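K.L.:
Take a look and give me a structure for this.
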Amino acid sequence: MKKVIILIVLAMATIRCTELAELNDEEERIRNERGAECRYNKRGGVENCRYMD
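P.N.:
Residues are numbered from 1 along each chain as shown. Predicted coordinates:
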């Protein structure tokens, strides 16, 4: 019985991670369509990004 419950929990976690990945892909697609303007710091890291109008 415990194995079945663990399997269900793992399946639900996998589905949730897949949904989050799809949402992230959708957000990235929208950002690429609209264009984003990003500012970088001296080390090359992103400080902030905003959508271009």
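K.L.:
Tell me the predicted confidence for D25.
P.N.:
D25 is assigned 84 on the pLDDT scale.
K.L.:
so it sits in a strand?
P.N.:
No: D25 is assigned helix when assessed by DSSP: H, G, I helix; E, B strand; the rest coil, not a strand.
K.L.:
Could you find the residue nearest the spatial middle of the protein?
P.N.:
Nearest to the mean C-alpha position of the chain, counting by CA atoms, centre = their mean, stands N24 at 3.0 Å.
K.L.:
Okay, strands next: where are they in this structure?
P.N.:
For the chain, the strands defined by DSSP state E cover 36-40, 46-51.
K.L.:
Tell me which residues are up against the last one.
P.N.:
Counting by CB atoms under 8 Å, 6 or more residues apart in numbering, the neighbours of strand 46-51 from elsewhere in the structure are R31, R34, G35, A36, E37, C38, R39, Y40, N41. Every residue, glycine included, has its C-beta placed from N, CA and C.
K.L.:
Let's see that with 6 Å instead.
P.N.:
With contacts defined as CB atoms under 6 Å, 6 or more residues apart in numbering, strand 46-51 is touched by R34, A36, E37, C38, R39, Y40, N41.
K.L.:
where's E26 relative to N32, distance?
P.N.:
As judged by CB to CB, to the nearest Å, E26 and N32 stand 11 Å apart.
K.L.:
Equivalent analysis for L7, please.
P.N.:
Using CB to CB, L7 is found at 37 Å from N32.
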